[in-house]
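Enquirer: Below are the sequence and a predicted model; questions follow.
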Amino acid sequence: MTYCVGLKLDRGLVFMSDTRTNAGVDNISTFKKMYTWAKTGDRVITLVSSGNLATTQAVISILNERTKEPSERSPSIYEMPSMFQTARLVGDTIRHVIDEVDSGGQRADSFGASIILGGQIKGGDPRLFLIYPEGNFIEATPDTPFFQIGEHKYGKPIIVRSYDPALTFEEATKLLLVSFDSTLKSNLSVGLPLDLQFYESDSLKLGFEKRIERHDPYYEMISDGWSQALKLAFQSLPPFEIKND
C-alpha cells in the first residue's frame, strides 16, 4: 500500500507520495510513485500512483514508450491537447493493463491501481484528476480541491481541517508533512522517503522537487512539534465531569 496526495491551490498544484511497497511484513521495498512529463513552455504533467506495483509500472512504461516514437506509438502524452484528454489517455491505459491481466485468467481485482494526475497544458488551466482502476475519473473542484489515494484515512482529517486554497507552497508542505507523519505512525505499509513537487500556475515549467529522507531536519522538527502540539492541545481541553444523579 502507499499514500499519495494532490492538492489544488490558488497558486498551483502540490504533490506528495511515499515510496514504500510491501508484500508482507518481511518483504518491504522502496519504489518511486511520482512521475512527471514536462516540456518547458508547453506542458507539465505529474502522476502519483497507488495499488498494485506491477500494474502502475506497466502503465508508466506504456506512457513512456509512446513518447519515444510518437508517430509509431500514438497516442503520446505529449500530443494530448488538454488535461482532460490526458486523463482519458491514462484512464484508457490503466484499463487496458488490467483487462490484459483479466483475460489471462488472473484475478483482475488484485491488480487494481488508482492514480492522481495533475498539471497544465498550454492554453488551458491547471487541473487535477483522480483516476480509478476502471479507467473513469473525476476532477477536483472548489468543493473537493484535493485527492488522496492509498492509506488516506489517518491523514485525511488533518487536511480537511486545515486546507485553504490560499495556502503558500511552504504552508502546503507543512500541512502534508503533518498528514503523512500521522499516517506513518499509524500504518506500517506507508514509509519514508517522501517525494514532494510543486507546480506554479501558468509557469509551464517543472517546479520545486525534493525527496524527504528519514532524518530530514525539517521533517523531524514537524514530527516532534506536532506530537508536542497535540499533547498541549489535549491538556488544554476541559476535563470530563462525572456527576452522580
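Expert: Sure, I can see it.
Enquirer: lowest average confidence, helix or strand, in this structure?
Expert: Of all helical and strand segments in the chain, the minimum by mean pLDDT, DSSP states H and E falls on helix 70-73, at a mean of 62.
Enquirer: Now the element after that helix, going C-ward?
Expert: For helix 70-73, the succeeding helix or strand toward the C-terminus, using DSSP states H and E, is helix 83-103.
Enquirer: C-terminal to that next one, what's the next element?
Expert: Later in the chain than helix 83-103, the nearest helix or strand by DSSP H and E is strand 113-121.
Enquirer: angle of that following strand against helix 83-103?
Expert: 160 degrees (axes from the mean of the first three to the mean of the last three Cα atoms, to 10 degrees).
Enquirer: which helices and strands does the helix or strand following strand 113-121 pack with?
Expert: Later in the chain than strand 113-121, the nearest helix or strand by DSSP H and E is strand 127-131. In terms of contact count using 3 or more Cβ pairs under 8 Å, 6 or more residues apart in numbering; DSSP states H and E, strand 127-131 is assigned the packing partners helix 83-103, strand 113-121, strand 137-139, strand 146-150. Backbone N, C-alpha and C define where each C-beta goes, glycine included.
Enquirer: mean confidence score for strand 127-131?
Expert: The average pLDDT within strand 127-131 is 98.
Enquirer: With stretch 229-245 instead?
Expert: Average pLDDT, stretch 229-245: 93.
Enquirer: circling back to that earlier point, could I get the helices and strands packed on strand 127-131 as a markdown table with mean neighbour count, mean pLDDT and distance to Gly12?
Expert: Listed next are these as a markdown table, based on neighbours: other Cβ atoms under 10 Å; pLDDT from 0 to 100; distance: least, Cβ to Cβ, whole Å:
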| stretch | mean neighbour count | mean pLDDT | distance to Gly12 |
| --- | --- | --- | --- |
| helix 83-103 | 19 | 93 | 14 |
| strand 113-121 | 25 | 98 | 9 |
| strand 137-139 | 16 | 98 | 16 |
| strand 146-150 | 23 | 98 | 13 |
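Enquirer: just so I know, which of those lies nearest Ser201?
Expert: strand 113-121 (7.0 Å; Cβ to Cβ).
Enquirer: Tell me where the protein is predicted with low confidence.
Expert: 23-27, 70-73, 104-109, 245 (pLDDT under 70).
Enquirer: Now do Ala188 against Tyr154, distance only.
Expert: Small correction: residue 188 is Leu, not Ala. Leu188 sits 12 Å away from Tyr154, going by Cβ to Cβ, to the nearest Å.
Enquirer: Among those two, which residue is more densely surrounded?
Expert: A direct count of neighbours by other Cβ atoms under 10 Å for Leu188 and Tyr154 places Tyr154 higher, at 18 against 13.
Enquirer: what's the more buried one in contact with, if anything?
Expert: By Cβ atoms under 8 Å, 6 or more residues apart in numbering, Tyr154 lies in contact with Ser182, Thr183, Lys185, Ser186, Asn187.
Enquirer: what about Asp125, neighbour count?
Expert: 10.
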